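Q: here's my sequence, what's the structure:
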Amino acid sequence: MNMPADREGDIAMEAASWHARLDAPYMDWDGFAAWLDADAAHRTAYDSVALIDADIDALRPAILAALPANDRGEVASSTGSCRYWWMGGGVAAMVALAAVVAMRLTAPNVEDIVAYATGPDTTRMIVLKDGSHILLDRNSRLALADGPSPRVDMRSGAAFFDVRHDPSRRFTIAAGAYEVRDIGTRFDLVVTPQQLSIAVSDGSVVVAPKAAKGVTIAAGKRMDVITGSGEAKVGAVDIAAIGAWRRGQLIYNAAPLTLVAADLSRYVGRQVMVDPTIGDLRLSGVLTISDGAGLVEQIEALLPVEAVERDGTMRLVGRSAR
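A: Alright, predicted model coming up:
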């Protein structure tokens with residue numbers, strides 16, 4: 001039975017509203033997950049909205065060129081994702097959407113770009129056309145163009161990639177200002193505003209600034225890049241510990257507390273910061289993720305730190321530094 005047009009429109013507006021709030025500091029991830037699970041039509045509508053948003057972002061230069069000069073400021077003023085301005089319904093948004101539709105009609109070989117997002121309690125398995133797999137961790141986001149040479153935009157969070165070996169094509173992942181280039185391997189990737197971390201369990205990958213020569217990371221190696229300075233460190237890693245979050249664990253061997261805090265942020269539902277005075281602390285041990293609620297207590301039991309909450313964020317400080 002077909003859905004009434006007015007209900008279909010309501011679901012589309014709900015999907016657009018959820019998508020527009022993805023970057024909000026107080027995003028209701030539990031509510032979002034419940035809405036997705038309530039009706040199969042909700043996920044279909046959300047994927048359609050995410051696809052339109054990703055298309056507009058990818059085609060922004062062409063959209064700007066197609067707009068009258070008076071309307072370009074409204075579009076150009078948007079930074080990061082464009083999801084906020086196109087929902088406004090202004091002239092520029094309507095013209096831009098029309099330009100996207102026209103370009104897709106005249107360019108049938110344009111690859112579909114689909115955005116995926118998970119909430120605080122769910123992971124998501126993404127199966128590519130070539131048989132490769134991506135497991136997206138909690139509170140993580142990526143966009144995928146699943147063409148002959150798949151392209152991924154890893155926007156935030158963590159994912160484990162199991163890429164089918166095929167020398168005839170290249171699998172490329174954009175992560176901020178960096179690219180991960182691969183033809184067939186298994187690796188874990190974590191992306192935060194401050195850091196990019198990749199650990200390879202099988203095969204090898206190349207990590208590089210976009211359009212530049214990179215560094216090859218082989219199995220059993222881990223690379224951590226400070227995105228602001230470009231400082232990078234490569235070291236050995238226990239293969240059994242790579243992607244341990246898939247088994248409900250976080251395994252560390254002398255890991256910097258800042259790296260641990262980035263992992264905690266995915267599971268406790270808010271950003272976890274580290275006070276600079278304890279930035280040199282390192283953690284070795286195994287944490288049990290469960291529902292995320294007990295992770296901070298486990299850190300407090302292993303290190304001389306405590307968590308202080310303020311303004312929606314959590315800060316790890318020295319135990320006597322409250």
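
Q: in the stretch 51-200 of the chain, which spans are helices?
A: 60-66, 72-76, 83-86, 91-106 (DSSP state H, counting those that start in this stretch).

Q: same question, the stretch 201-322 of the chain
A: 257-268, 295-302.

Q: bridging residues for residue 283?
A: residue 255 (DSSP bridges).

Q: what's near enough to touch it?
A: For residue 283, the contact set (CB atoms under 8 Å, 6 or more residues apart in numbering) comprises 252, 254, 255, 257, 260, 299, 302, 303. Just so you know, the C-beta spots here come from the backbone N, C-alpha and C atoms, and that holds for glycine as well.

Q: measure it to residue 234 for me?
A: In this view, residue 283 and residue 234 are 20 Å apart by CB to CB, to the nearest Å.

Q: what about the residue nearest to residue 162 when sequence neighbours are not counted, how many residues close to it?
A: Leaving aside its chain neighbours, residue 162 sits nearest to residue 133 (4.4 Å; criterion: CB to CB, 6 or more residues apart in numbering). By other CB atoms under 10 Å, the residues close to residue 133 number 14.

Q: show the pLDDT at residue 133.
A: pLDDT recorded at residue 133 is 94.

Q: residue 230 too?
A: Here, the pLDDT recorded for residue 230 equals 81.

Q: for the contacts of residue 283, give me TSV that also has distance to residue 174.
A: Output for these, formatted as TSV (distance: CB to CB, whole Å):
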residue	distance to residue 174
252	27
254	30
255	25
257	28
260	25
299	31
302	35
303	34
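
Q: longest strand of the protein?
A: strand 151-162 (DSSP state E).

Q: break this protein down into its structural domains.
A: What the record gives for the chain is the domain set 5-106, 113-238, 248-318, from automatic domain parsing.

Q: the closest residue to residue 186 other than its chain neighbours: how many residues sit nearby?
A: Closest residue to residue 186 apart from its sequence neighbours, by CB to CB, 6+ apart: residue 202 at 4.2 Å. Using other CB under 10 Å, residue 202 has 16 other residues around it.

Q: roughly how far apart are residue 202 and residue 160?
A: Relative to residue 160, and taking CB to CB, residue 202 is found at 11 Å.
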